[in-house]
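In: Model the following, please.
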Amino acid sequence: MIVVKKLIAFVLLLGLSCDPAPAVAGPGVNGINFNDKHLVDGHQLEVTGVALLKWALIFDIYAGAFYLPTGYAGKDWSKDIPKHLELYYFRGFKAEEFSGASEELLREALAFENYRRLEERLQEFYRLFRDIRQGDRYTLTYTPSRGTELRLNNRLLGAVPGHDFAVAYFGLWLGSRPINDTFRDRLLKGG
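Out: Numbering: from 1, shown residues only. Predicted coordinates for the structure are as follows:
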C-alpha cells in the first residue's frame, strides 16, 4: 500500500513539472476539432496553432486554438488586429474560478500601473463569466471596433473595449508570462 501511495505521489509531482501534451498537426488536438478559419469583422482569420493543456500528466484541462488574420504570424498576436482564441473544456468550472484565477494571474503578470488602468474593465469582464460543464467552449475575440468579446458556446456574453485590455487578457495565454510556455508556443507556432 505504501508503495502505491509513493508511486501516485511521484506521478503527481512529475506531472506538476511537465509541459502540456504535444499538439496534433492541423486544427485538432486530443480528438477535439477546431475550424481552420473564422470570419471576424470582415477579416479572414486562420488558425496559427492548437494545443492541449494537461495537469499532472493525467487530467486534460482544455484544448485551444488561436487565430490571426491571413498574412500574420503568431509573433503578431499583440498587434491591434483581429484575433480569436477558442478553448474547449474537458472539465466543469465555476464562474468564480475563472475570475479568481484571471485576477491572480493578471496581478502577477502586469505592472501595478497597467493593472490599475485596466482594473475597472477587468471587473466588468469577470462579471461575464458563467459556470461551464465538460464540452463547453469559451471564445475570446478581439476586433479594434468592438473590443474583446466573450462567448460561451457561441452565445455572446458581452464585450470590453480597448486594445490594451485585449493584450493583457490574451496575454494570459500568449504573453511573456503565460499560463504555460509550451501551450503558448504551440498556439503561436502551430505546434
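
In: Now the strand ranked longest in the chain: buried residues?
Out: The residue-count maximum for a strand in the chain (DSSP state E) belongs to strand 43-55. Buried residues in strand 43-55, defined by neighbour count with 16 or more other Cβ atoms under 10 Å: 43, 45, 47-54. Backbone N, C-alpha and C define where each C-beta goes, glycine included.

In: if we take those residues, which one ends up nearest to residue 110?
Out: Checking the buried residues of strand 43-55 against residue 110 by Cβ to Cβ gives residue 53 as the nearest, at 21.5 Å.

In: Tell me which residues touch that closest one, please.
Out: Residues in contact with residue 53 (Cβ atoms under 8 Å, 6 or more residues apart in numbering) are 20, 60-64, 179-180, 183.

In: Kindly recompute the last result at 10 Å.
Out: With contact set as Cβ atoms under 10 Å, 6 or more residues apart in numbering, residue 53 has these partners: 19-21, 29, 59-64, 87, 90, 173, 179-180, 182-183, 186.

In: can you give me the strands in this structure?
Out: Counting by DSSP E, the chain has these strands, from start to end: 28-29, 32-33, 37-40, 43-55, 59-69, 83-89, 137-143, 147-152, 155-160.

In: what's the closest of these to residue 118?
Out: Evaluated over those, closeness to residue 118 peaks at strand 155-160, with 9.2 Å, by Cβ to Cβ.

In: Give me the contacts around that closest one.
Out: With Cβ under 10 Å, 6+ apart as the test, strand 155-160 has contacts from 118, 120-130, 138-139, 141-143, 146-151, 165-166, 169.

In: If any of those are buried, put those into a ChimeraX selection.
Out: Command for ChimeraX that selects the buried part of the contacts of strand 155-160, burial taken from 16+ other Cβ under 10 Å:
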select :118,121,122,125,126,128,129,138,139,141,142,143,147,148,149,150,151,165,166,169
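
In: Could you list the low-pLDDT ranges of the chain?
Out: 1-26, 56-57, 190-191 (pLDDT under 70).

In: switch to 80 and redo it
Out: Within the chain, the segments meeting pLDDT under 80 span 1-28, 56-58, 190-191.

In: got the buried residues for stretch 70-84?
Out: For stretch 70-84, by 16+ other Cβ under 10 Å, it's 72, 74, 77-78, 81-84.

In: and of the buried residues of strand 43-55, the nearest to residue 105?
Out: residue 53 (13.6 Å).
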